[in-house]
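S.K.: how would this look folded up:
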Amino acid sequence: MSHAWMPTSPCGDGCLTDGDAVVGLPRRVLRFAAAITAVLAALLSAPLLLVPWGRERRIRLIFRGVLRAFGVRLDVRGGEDFLTAPAGRGALVVNNHISWLDIVAINALRPMRALAKKEIAGWPVLGGLVRRGGSIFLDRERLTTLPATMASLADALRTGSLVSVTPEGTTWCGLASGRFTTATFQAAIDGGVPVRPIALRYRLADGRETSRPAFIGPESLIASLRRVAALRGLVLEVHICPEIAPGRAENRRELAALAEAAVYSALGTVQIPAQQRRRTARRQPAPLASPPAK
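M.R.: Down below sits the predicted model:
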């Protein structure tokens, strides 16, 4: 059962770009098979993921294998300090949220835990990887559980974990974006860790931006997977913004605003005014969304 604070997005099928190049059916089938093989191999080798030595490298290879299977190329810009930083330094990693591919790409660069809606744990194949990655699950329909979940998030950050969060709280098409909610930024303040904003954009090989990888509207995960598998020359731009040091903001609202501004500055993304978001959301069915303050 949803509630008034459940994040919503006006994005739906009408946001999907037309005319994007696609591959033939045989290649789509091969991409599905390769992706499933990569993830199943990861699940079968789960005991190896418990061995600390080389663990991050093995996880990166798994997620890179999934991207490669779907024909996704990463274009990483900035963040050398983040990519080469030693393990054990906690940070809240926040990004705009477009697709299930977001978390795959971020973990392909640097494996980390995630704050995820509890429904993801039950997703076929991908859910197993998310569970084994040490995700903190949030019950979005029970607001009474939010304080305990935020306390768990702060503890994870305080003890040196990188945790990935999508503070828009739901997926958008990428051509427009939502506002960052503030709850998880309090966990960064309580944990005394920096915030690392990451901006994501999906485009084709010819440079045109595409919204077809977006996981929006009342569609199933399988439908989204099929649409991504059909795209030719999909590129994911990853802009790793400078970190926001502890103490730079006086409160969680200021910290959320700084992170939001960094992401939208990197992308030049349009934000939908709050009044229009509420009006449009009432006209459209609730989307399949990612966790609030995730």
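
S.K.: and the nearest residue to residue 149 once chain neighbours are set aside, bridged to which residues?
M.R.: Nearest residue to residue 149, sequence neighbours excluded (C-beta to C-beta, 6 or more residues apart in numbering): residue 138, at 5.0 Å. Bear in mind the C-beta positions are built from the backbone N, C-alpha and C, glycine included. For residue 138, the beta-bridge partners under DSSP bridges are residue 117.

S.K.: hang on, residue 138 packs against residue 117?
M.R.: Yes: the criterion here is C-beta atoms under 8 Å, and residue 138 meets it with residue 117 at 5.8 Å.

S.K.: neighbour count for those two, which is higher?
M.R.: The residue with more neighbours, out of residue 138 and residue 117, is residue 138; 27 against 21, by other C-beta atoms under 10 Å.

S.K.: where does that one land on pLDDT?
M.R.: With respect to pLDDT, residue 138 scores 81.

S.K.: please enumerate the helices of the stretch 151-294 of the chain.
M.R.: Ranges of helices within the stretch 151-294 of the chain are 183-191, 221-230, 252-267, 274-283, based on DSSP state H, counting those that start in this stretch.

S.K.: in what helix or strand does residue 92 lie?
M.R.: strand 91-95 (DSSP states H and E).

S.K.: measure residue 254 to residue 182 for me?
M.R.: Distance of residue 254 to residue 182, computed by C-beta to C-beta, to the nearest Å: 9 Å.

S.K.: what about residue 202, how many neighbours?
M.R.: With other C-beta under 10 Å as criterion, residue 202 counts 26.

S.K.: need the nearest residue in space to it, chain neighbours excluded.
M.R.: Excluding the flanking residues, the one nearest residue 202 by C-beta to C-beta, 6+ apart is residue 213, at 4.7 Å.

S.K.: tell me the confidence at residue 229?
M.R.: pLDDT at residue 229 comes out at 88.

S.K.: residues touching it, list them.
M.R.: 23, 28, 31, 32, 35, 70, 71 (C-beta atoms under 8 Å, 6 or more residues apart in numbering).

S.K.: where along the stretch 101-250 of the chain do the strands fall?
M.R.: Remark: strands assigned in the stretch 101-250 of the chain by DSSP state E, counting those that start in this stretch are 113-117, 136-138, 162-165, 176-177, 195-204, 234-240.

S.K.: what is the fourth one packed up against?
M.R.: Using 3 or more C-beta pairs under 8 Å, 6 or more residues apart in numbering; DSSP states H and E as the contact criterion, the neighbours of strand 176-177 among helices and strands are helix 252-267, strand 270-271.

S.K.: OK, contacts around residue 208?
M.R.: 17, 20.

S.K.: repeat that with 10 Å
M.R.: 17, 19, 20, 21, 233 (C-beta atoms under 10 Å, 6 or more residues apart in numbering).
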